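>>> model the following, please.
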Amino acid sequence: MGQETTHRPGYLVKRVQQAFRQMSDELLRPIGLSMSQYAVLVALAEKPGASSAEVARRCFVTRQSLRDVLTGLKTAGLVAVAEEASTGRARPVRLTASGEARLEEAHRVVGEVEERMLTGMSETDRRRLAALLSTCAENLASDDR
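Below you'll find the model as predicted:
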């Protein structure tokens, strides 16, 4: 018989991801954000002026899902979409000053969740976990399937 499902790495990654997202959503709610919105703000902070398609790829969502998230962020005044495309049809999206401020607050909140998740782990264990997860992500993203 194989390993019990609840002890398999894939199951555990999903379990951690779900718990991390749920706790992050709970703690982000009082500052008016969801984890999906936070991910979009992070993507825009890391790549200002990115197109919607680029942001969707960075956030692992469809363009339709991103459109819904961006609508909420625009309504809240946290992002702005250029009136005209810089190249082709893609209109660049950027954080507003309010978006930058909200992102700073959200970084603190998500950092608290991450710290709780890593409680009891040494710095060496934390670095090793990050390295192992990076390897897993790279293995699955590889075109050499």
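
>>> C-alpha only now, for contacts and for neighbours.
Noted.

>>> what's the local residue count around the nearest residue to Leu12 once chain neighbours are set aside?
The shortest distance from Leu12 to any non-neighbouring residue, by CA to CA, 6 or more residues apart in numbering, is to Thr6 (6.8 Å). If you count neighbours by other CA atoms under 10 Å, Thr6 ends up with 10.

>>> cool, the one 10 residues further on as well?
Residue crowding around Val16 was assessed by other CA under 10 Å; the count is 12.

>>> what's next to the helix or strand harbouring it, contact-wise?
For Val16, the element it lies in under DSSP states H and E is helix 9-28. With CA atoms under 8 Å, 6 or more residues apart in numbering as the test, helix 9-28 has contacts from 5-6, 33-35, 106, 109-110, 113-114, 117.

>>> swap in 6 Å and give it another go.
Contacts to helix 9-28, defined as CA atoms under 6 Å, 6 or more residues apart in numbering, come from residues 34-35, 110.

>>> any idea how far Glu46 lies from Arg58?
For Glu46, the distance to Arg58 (CA to CA, to the nearest Å) stands at 10 Å.

>>> what's the closest non-adjacent residue to the residue nearest the centre of the chain?
By CA atoms, centre = their mean, the mean C-alpha position of the chain lies nearest to Ala39, the distance being 3.2 Å. Once flanking residues are discounted, Ala39 sits nearest to Cys59: 6.1 Å by CA to CA, 6+ apart.

>>> and the strands in the chain?
Applying DSSP state E to the chain gives strands spanning 79-81, 93-95.

>>> highest average neighbour count across the ones you listed?
Of all those, strand 93-95 has the most neighbours on average by mean count of other CA atoms under 10 Å, namely a mean of 23.

>>> any idea how far Val69 is from Gln18?
Remark: distance between Gln18 and Val69 (CA to CA) = 19 Å.

>>> more neighbours, those two?
When Gln18 and Val69 are compared for neighbours, Val69 comes out ahead with 17 against 12, by other CA under 10 Å.

>>> can you tell me the closest non-neighbouring residue to the more buried one?
Val69's closest residue in space is Gln37 (CA to CA, 6+ apart), at 6.1 Å.

>>> before I go, just wanted to say thanks for your time.
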